[in-house]
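In: After the sequence you'll find the predicted model.
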Amino acid sequence: MGALTMDELDAKIDSKLNEKKSALRAEFQEVFDASHAEAVHKGYKEEPAVIKLGKLINLFGQSGGSVDKMAFLSKKMYGDDKEIGGYVSKALEAGVPSSGGFGIPQVLSARVIEALYAQTILDKAAVTRLPMPNGNLRLARMDTTSTVGWVGELPAASTTQPVYGDVNLSAKKLFAISEISNSLIRYNSVGIEGWLARDLQKKFRLALDYAAFYGPGTQYSPNGLTNLGVQTIGSSSTVLDQFAPRNMIALLKAANVPMTNPHWAMSPQMESWLMNLKTTTGAWIFLQEMSERGTLAGYPYHVSTQISYTDTTVDYGDLWLGDFDEFMWGTGLDMELRMSQDAAFVSSGTTYSSFQRDSALVRVVGEHDFNVMHPVSFVQGTYSVT
């Protein structure tokens with residue numbers, strides 16, 4: 001075999017280095033995943049980051065900054081700690097041993113601190129979904145019943161009959177798209193693509209939940225309860241008192257609402273106000289029931305920061321009550337989550353190719369609409385505190 005040229009020699013060396021780097025990277029990921037899976041399986045608690053950092057500082061000090069010595073000492077001193085071995089392997093790959101310029105490797109936990117999300121209510125209230133196979137659904141409804149009355153021996157020949165209307169559902173599209181670098185997907189150790197997908201799904205559910213109560217009913221968005229003609233009581237100046245929940249229940253019962261699946265919905269502030277209500281003698285009114293049974297005046301309640309609350313000179317907020325068996329949730333497409341590395345997207349009027357940018361697009365889409373069988377089945381209370 002002939003002698004290699006300088007270019008061929010350089011290419012061969014680069015190839016070997018890349019193979020070594022890939023092997024080290026794979027070894028680190030394998031050790032990291034195995035250690036985490038084993039800890040989870042055995043029920044071990046993760047070792048505090050400060051302990052991990054202390055081990056790394058100790059290794060660095062005793063090795064005099066040599067990564068090779070750190071690798072040797074890590075096996076001798078912490079042979080049972082594969083996570084430390086993984087950090088040192090990563091340092092071998094990315095650092096410069098002769099100068100020790102990598103410093104102390106960063107301690108990265110496999111756990112991700114996710115955002116704090118609002119709580120959803122629709123699923124907790126066990127709302128039944130109605131399929132919309134063609135993107136729409138129409139149901140007949142009796143708006144006015146027949147009239148029956150007592151008459152004499154020869155009654156007048158007048159007739160009576162119900163008056164009918166309808167309830168319509170028409171799918172509205174809920175959509176989001178996000179771009180993520182393929183390099184980030186390849187090299188991250190926390191499953192960033194899964195993290196992004198979970199975030200999109202949670203935000204999707206939150207958008208549905210908010211629209212169910214406060215949807216504006218525009219061309220592209222559903223009508224929420226506030227725009228469906230439900231009953232209302234109180235105002236921003238109506239002080240919340242011990243009679244407010246009972247008054248709202250009375251409104252529904254007076255309208256002959258079946259109350260087969262009643263639920264309250266409120267903000268955390270409204271929950272606090274209700275829990276703090278006392279009698280004139282200082283006894284708590286709802287505190288024990290709400291704390292121990294999760295009910296208000298006998299019906300289950302749910303708390304979400306998406307329920308309206310306004311912080312002004314005199315704070316006020318919404319208190320919802322309704323029979324959720326009367327709520328109609330039309331679903332054409334529940335939620336579709338897709339990922340593509342070839343698609344294009346438009347941002348600020350400019351079209352970008354994910355293939356050219358070496359990125360991936362994550363898209364979530366669904367088609368939904370909301371309505372109620374009888375608007376009187378829900379009441380929106382608005383109350384304040386002084």
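Out: Done, it's in.

In: Spatially nearest residue to Glu326 (excluding sequence neighbours)?
Out: Excluding the flanking residues, the one nearest Glu326 by Cβ to Cβ, 6 or more residues apart in numbering is Ser377, at 3.7 Å. C-beta coordinates here come from the backbone N, C-alpha and C atoms, glycine included.

In: The one you found and Ile307: what is the separation?
Out: According to Cβ to Cβ, to the nearest Å, Ser377 and Ile307 sit 18 Å apart.

In: Tell me which residues touch Ala197, please.
Out: Contact analysis of Ala197 by Cβ atoms under 8 Å, 6 or more residues apart in numbering lists Leu337, Met339, Val362.

In: I'd guess it is in a helix, am I close?
Out: Yes. Under DSSP: H, G, I helix; E, B strand; the rest coil, Ala197 falls within a helix.

In: show me what contacts Leu277?
Out: Applying Cβ under 8 Å, 6+ apart, we find Leu277 in contact with Leu240, Asp241, Gln242, Trp284, Ile285, Phe286.

In: so which of the residues you listed is the most crowded?
Out: Leu240 (22 neighbours; other Cβ atoms under 10 Å).

In: just curious, which of the contacts of Ala197 is nearest to Met328?
Out: Closest approach to Met328 among those (Cβ to Cβ): Leu337, at 25.0 Å.

In: if we can go back for a sec, take the contacts of Ala197 and keep only those in strands.
Out: Leu337, Met339, Val362 (DSSP state E).

In: Got a quick ChimeraX command for the buried subset of those?
Out: A single ChimeraX command selects the buried members of those (16 or more other Cβ atoms under 10 Å):
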select :362
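
In: show me what contacts Gln341?
Out: Contacts of Gln341 by Cβ under 8 Å, 6+ apart are Asn182, Ser354, Phe355, Ser359, Ala360, Leu361.

In: try 10 Å this time
Out: Shown in contact with Gln341 (Cβ atoms under 10 Å, 6 or more residues apart in numbering): Asn182, Ile185, Ser354, Phe355, Arg357, Asp358, Ser359, Ala360, Leu361.

In: Kindly reformat the residues you listed as JSON lines containing pLDDT.
Out: What follows is these, written out as JSON lines (pLDDT from 0 to 100):
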{"residue": "Asn182", "pLDDT": "81"}
{"residue": "Ile185", "pLDDT": "74"}
{"residue": "Ser354", "pLDDT": "88"}
{"residue": "Phe355", "pLDDT": "88"}
{"residue": "Arg357", "pLDDT": "90"}
{"residue": "Asp358", "pLDDT": "89"}
{"residue": "Ser359", "pLDDT": "88"}
{"residue": "Ala360", "pLDDT": "85"}
{"residue": "Leu361", "pLDDT": "87"}
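
In: Tell me the one of these nearest Met270?
Out: For those, the nearest to Met270 is Leu361 (39.9 Å; Cβ to Cβ).

In: Let me see the contact set for the closest one.
Out: With contact taken as Cβ under 10 Å, 6+ apart, Leu361 is in contact with 177-180, 338-345, 352, 354.

In: Dump the C-alpha coordinates for stretch 216-233 into CSV.
Out: Taking C-alpha atoms only, stretch 216-233 is exported to CSV below (Å, rounded to 0.1, in the frame of the first residue of the first chain):
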residue,chain,number,x,y,z
PRO,A,216,-65.1,35.6,22.2
GLY,A,217,-67.0,33.7,19.5
THR,A,218,-65.3,35.4,16.6
GLN,A,219,-65.0,33.9,13.1
TYR,A,220,-62.1,31.6,14.2
SER,A,221,-62.8,31.1,17.9
PRO,A,222,-65.6,29.4,19.9
ASN,A,223,-68.2,31.0,22.0
GLY,A,224,-67.5,30.6,25.7
LEU,A,225,-70.1,30.5,28.5
THR,A,226,-69.9,34.3,28.9
ASN,A,227,-71.3,34.7,25.3
LEU,A,228,-73.9,31.9,25.3
GLY,A,229,-76.6,33.7,27.3
VAL,A,230,-76.1,32.1,30.6
GLN,A,231,-77.6,33.4,33.8
THR,A,232,-75.7,36.1,35.7
ILE,A,233,-75.8,37.4,39.2
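
In: For the residue nearest to the spatial centre of the chain, give me phi and psi.
Out: Here the mean C-alpha position of the chain is nearest to the C-alpha of Lys202 (Cα atoms, centre = their mean), at a distance of 2.3 Å. When read as degrees, to the nearest 10, the backbone of Lys202 gives phi -70, psi -40.

In: wait, doesn't it sit right on Leu337?
Out: No. Counting by Cβ atoms under 10 Å, Lys202 stays clear of Leu337, with 11.8 Å between them.

In: re earlier: now the contacts of Ala197 as TSV including distance to Arg198?
Out: What follows is the contacts of Ala197, written out as TSV (distance: Cβ to Cβ, whole Å):
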residue	distance to Arg198
Leu337	10
Met339	13
Val362	11
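
In: Give the full set of residues in contact with Thr232.
Out: Contacts for Thr232 (Cβ under 10 Å, 6+ apart) come out as Thr226, Leu251, Asp318, Phe378, Val379, Gln380, Gly381, Thr382.
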